[in-house]
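**Q** Quick one: sequence and predicted model below, then my questions.
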Amino acid sequence: MAAHMDEKNDPDHLDSQLAGIVVAQDRPLLITDADEVLFAFFQEFERYLNANGTYFNWASFRLNGNIIDQDTDEAVENHIVRELLGSFFVQHTRSIPMIAGAALSLQRLSRHMEIVVLTNIPHAQRADRAHALAAHGVGFPVITNEGSKAEAVSELAGRTTAPVFFIDDSPGHHTDVAGAADHVMRIHFIGDPRLSDLLGPAEDSHHRAFDWDEISTFIETHLERAGHEIRP
Ligand SMILES: [Mg+2]
């Protein structure tokens, strides 16, 4: 018996996950983040923090340094932030609500394009994330990723000659994707208005959006200009 699993046969490995995704060569593609783009992550995570002896202080667009101990009013250490995040994903990924308009917009956009959800949560929660999406009528393929999204985006984007769009709330992902696949149209969207107010447009995005209606219109307008028929 093999002592370890070959990396390429590991179902969690990015190559294995990408191999399971089908993108037609002439079909537009939307690669979208999940937390804070499709799912109301901050709303739920804040509730979780408050129930676990901490609170978020809304000082800036980051978790490290902004999660405060209710007893000491001191920021908790980064390893505690990681533990809180990990236990939150285990307990709430299946039940987390969606951001207003996200499900309807994805259903509408899926008539014109392929949709792939590219999310940086632990692989162990991929099935829960897929379940939550399917429960809202948007059971599109889910890739769980770690760190930079550049490799996954450039690999998927390379499969089609049609326009490709990327949506994420984190500016760093826009920078990484810009470096690897600059032709991908990058939309910066932060679903929670309180969080959105803390941050300007991502430097390496093409467009900052403020709701899903705007995202749909932006994508459909771009597709029409590229010669794709958009049925009303
Ligand atoms: Mg996110």
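**A** Nice, I can see it. Numbers count the residues shown, from 1 in each chain.

**Q** which ones are touching the most centrally placed residue in the chain?
**A** In the chain, the C-alpha nearest the mean C-alpha coordinate belongs to residue 33, at 1.4 Å (CA atoms, centre = their mean). By CB atoms under 8 Å, 6 or more residues apart in numbering, residue 33 lies in contact with 117, 118, 119, 120, 149, 167, 168, 169, 170, 173. C-beta here means a position set from N, CA and C on the backbone, and glycine is covered the same way.

**Q** list the contacts for the fifth one?
**A** Taking CB under 8 Å, 6+ apart as the criterion, residue 149 is in contact with 31, 33, 118, 120, 166, 168, 173, 176, 177.

**Q** can you tell me if the helix or strand encompassing the third one touches the ion.
**A** When elements are defined using DSSP states H and E, residue 118 is found to belong to strand 114-119. No: Strand 114-119 lies apart from the ion when judged by CB under 5 Å from the ion; the minimum separation is 7.4 Å.

**Q** mean confidence for the following helix or strand past that strand?
**A** Sequence order places helix 126-135 as the next helix or strand after strand 114-119, per DSSP H and E. What helix 126-135 shows for mean pLDDT is 98.

**Q** before we move on, the earlier item: taking the contacts of residue 33 together, which two end up most distant?
**A** Farthest-apart pair in the contacts of residue 33 is 117 and 170; separation 15.0 Å (CB to CB).

**Q** Neighbour count: those two, which is higher?
**A** More neighbours surround residue 117 than the other of residue 117 and residue 170, with 24 against 20 (other CB atoms under 10 Å).

**Q** what about the more buried one, distance to the ion?
**A** Noted for residue 117: a distance of 11 Å to the ion, by CB to the ion, to the nearest Å.

**Q** Repeat that for residue 178.
**A** Residue 178 is 17 Å from the ion, by CB to the ion.

**Q** which residues touch that residue?
**A** Residues in contact with residue 178 (CB under 8 Å, 6+ apart) are 186, 204.

**Q** Just the pLDDT for it.
**A** pLDDT at residue 178 comes out at 98.

**Q** Perfect, I'm done here.
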